[in-house]
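Chemist: Structure for this input, please:
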Amino acid sequence: MDELPALVTEAVGDATVIEIVDVGGGDAVVVTPEATHVYRSEGLLSDESLDSYDHDVERFAVDTGRRKSTIRLDGIDGERSFTVPGSVADSVIEAVLEGVLGATGVVAEDEAVDATFRFSELTLVVTDRQLLKHVGSAVWDEEFEAFRYENLADLDFEEGSVATQVVVEADGRKQRVKVPNEHAGRVREDVQSAVFEFHGVSSLGGLRAAIEDGSNDETAPGEAADADDNGTTDDSEVADDGFVSSDWSPPADQDVTGRQGMNSAESTDDEGPTGDVRETAEVDIEELAEEVEALRETVEYQTELLEAQGETIEQLVDELRRGR
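Modeler: Presented below is the predicted three-dimensional model:
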């Protein structure tokens, strides 16, 4: 959306905009620190409208459907909700969560939210000062845990066959947060980046040394043992990835067409009657390619027509469901 409608501009005022999410059809979700504004453009069955949802809530939950997600905000005045397409749900949820954390005082006004992760019933939020964890059916409520970086006694990552555990030691106890391996790399990168920057170090070894003696000296003994934590990769971890190296080439005596050991005489003999066959085959392939291209264009045109009709029907159904 290039420009916010006047209805939204008036509601937002001078507030900082966290995110503007274009949800299609001229509709948009505009998130500020204080509230989420859901704008509905003029449709086939309704007029232009704007609904605002305050972020000072006790519970923030999401019901995920096959095509749409319903965002629920539960506050003192009861529960309010709005629906967005599934394709943009993650962007909306992350922005709303950032607003809720700020409005409820969990995150300070000058504290930056670096990353947000949602895994089934686990929510992780990485800020520049703390790691926030919430477990439950809701994305967020008052039953959350916070691990402030100044209170860290240790940070580690334990890899398993299915999941990786983020091990946080703070305030005299250890907390293990299990995340799926397919997302563990990014979680580790974001957590380490925030913690390292806070303590002014660049590796787990440096972090442990700084925590142990209260300094930022990264040359402490034992740091070299954590070299792999500084971003290097052990060749043994990627040797069996199933992919062929880009600099691989066949042996000198192997023809990539599968015809090994063929001498020049045999090659010359094949250039007799087979020459005509090759020319015929090339012509047939060209004709076939043209037919396929023509068919592809026809299918694309028909697909565009069907999509346009489908969008119109979906808009009507959507507006009917929303009572527009």
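
Chemist: By mean pLDDT, flag the weakest helix or strand of this structure.
Modeler: Sorted by mean pLDDT, DSSP states H and E, the helices and strands of the chain end with helix 264-269, the least confident at a mean of 45.

Chemist: Give me the buried positions along stretch 189-202.
Modeler: Under the neighbour-count criterion of 16 or more other CB atoms under 10 Å, stretch 189-202 has D190, V191, Q192, A194, V195, F196, F198, H199, V201, S202 buried. Placement of C-beta: from N, CA and C, glycine included.

Chemist: contact partners of the one helix or strand the fourth one maps to?
Modeler: Assigning secondary structure by DSSP states H and E places A194 in helix 181-199. If you take CB atoms under 8 Å, 6 or more residues apart in numbering as the criterion, helix 181-199 is touched by 114-115, 117, 119, 124, 126-129, 131, 149-150, 152, 155, 157, 159-164, 166, 179, 202-204, 206-207, 210-211, 216, 229.

Chemist: And for stretch 116-124?
Modeler: Residues from elsewhere that reach stretch 116-124 (CB under 8 Å, 6+ apart): 90, 93-94, 97-98, 115, 125-126, 131-137, 139-140, 177-180, 183, 186-187.

Chemist: Just the CA coordinates for stretch 116-125, please, in PDB.
Modeler: Extracted C-alpha coordinates of stretch 116-125, given in PDB (Å, rounded to 0.1, in the frame of the first residue of the first chain):
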ATOM      1  CA  THR A 116      10.200 -13.600  17.200                       C
ATOM      2  CA  PHE A 117       9.700 -17.400  16.900                       C
ATOM      3  CA  ARG A 118       6.500 -19.500  17.300                       C
ATOM      4  CA  PHE A 119       6.800 -23.300  17.400                       C
ATOM      5  CA  SER A 120       3.400 -25.000  18.200                       C
ATOM      6  CA  GLU A 121       2.800 -24.000  21.800                       C
ATOM      7  CA  LEU A 122       6.200 -22.300  22.300                       C
ATOM      8  CA  THR A 123       6.800 -18.600  21.700                       C
ATOM      9  CA  LEU A 124      10.400 -17.200  21.900                       C
ATOM     10  CA  VAL A 125      11.100 -13.500  21.700                       C
END
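
Chemist: Looks like L4 contacts T32 (just checking).
Modeler: No: using CB atoms under 8 Å, L4 makes no contact with T32, being 11.7 Å away.
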